[in-house]
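Chemist: Make a model of this:
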Amino acid sequence: MEQIVQLKEEIKQLNSEAVSLQNQLHDLAESLPLNLEQLPGLAQQTFETFSALAAKRQELKSLKSQQV
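Modeler: Next up is the predicted model:
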């Protein structure tokens with residue numbers, strides 16, 4: 001049970017970070033071509049964060065199904 005609680009907290013933090021990055025990416029895209037050099041790094045960071053979030057959600061789903 002402790003592991004599930006910890007995982008939920010990690011998901012909450014990752015989700016907050018992912019939404020923030022998504023908003024930053026959106027704002028950057030709206031201002032293009034200004035700050036064009038920032039696009040690859042921000043896009044990569046956003047991709048990695050959303051990928052980590054998806055993996056944590058899958059891990060939580062697996063843990064919950066094992067407890068049933």
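Chemist: Report the contact partners of Gln24.
Modeler: Contacts for Gln24 were tallied using CB atoms under 8 Å, 6 or more residues apart in numbering; they are 42, 46. For glycine as for every other residue, the C-beta is placed from the backbone atoms N, C-alpha and C.
Chemist: And it, which helix or strand is it part of?
Modeler: Element membership of Gln24 [criterion: DSSP states H and E] is helix 2-30.
Chemist: And the next helix or strand past that helix?
Modeler: Past helix 2-30, further along toward the C-terminus, the next helix or strand under DSSP H and E is helix 39-67.
Chemist: how far off helix 2-30 does that following helix point, in degrees?
Modeler: 160 degrees (axes from the mean of the first three to the mean of the last three CA atoms, to 10 degrees).
Chemist: What residues of helix 39-67 count as buried?
Modeler: Buried residues in helix 39-67, counted by 16 or more other CB atoms under 10 Å: 42, 46, 49-50, 53, 56, 60.
Chemist: For Glu17, which non-adjacent residue is closest in space?
Modeler: Distances taken as CB to CB, 6 or more residues apart in numbering place Thr49 nearest to Glu17, at 5.5 Å, with adjacent residues excluded.
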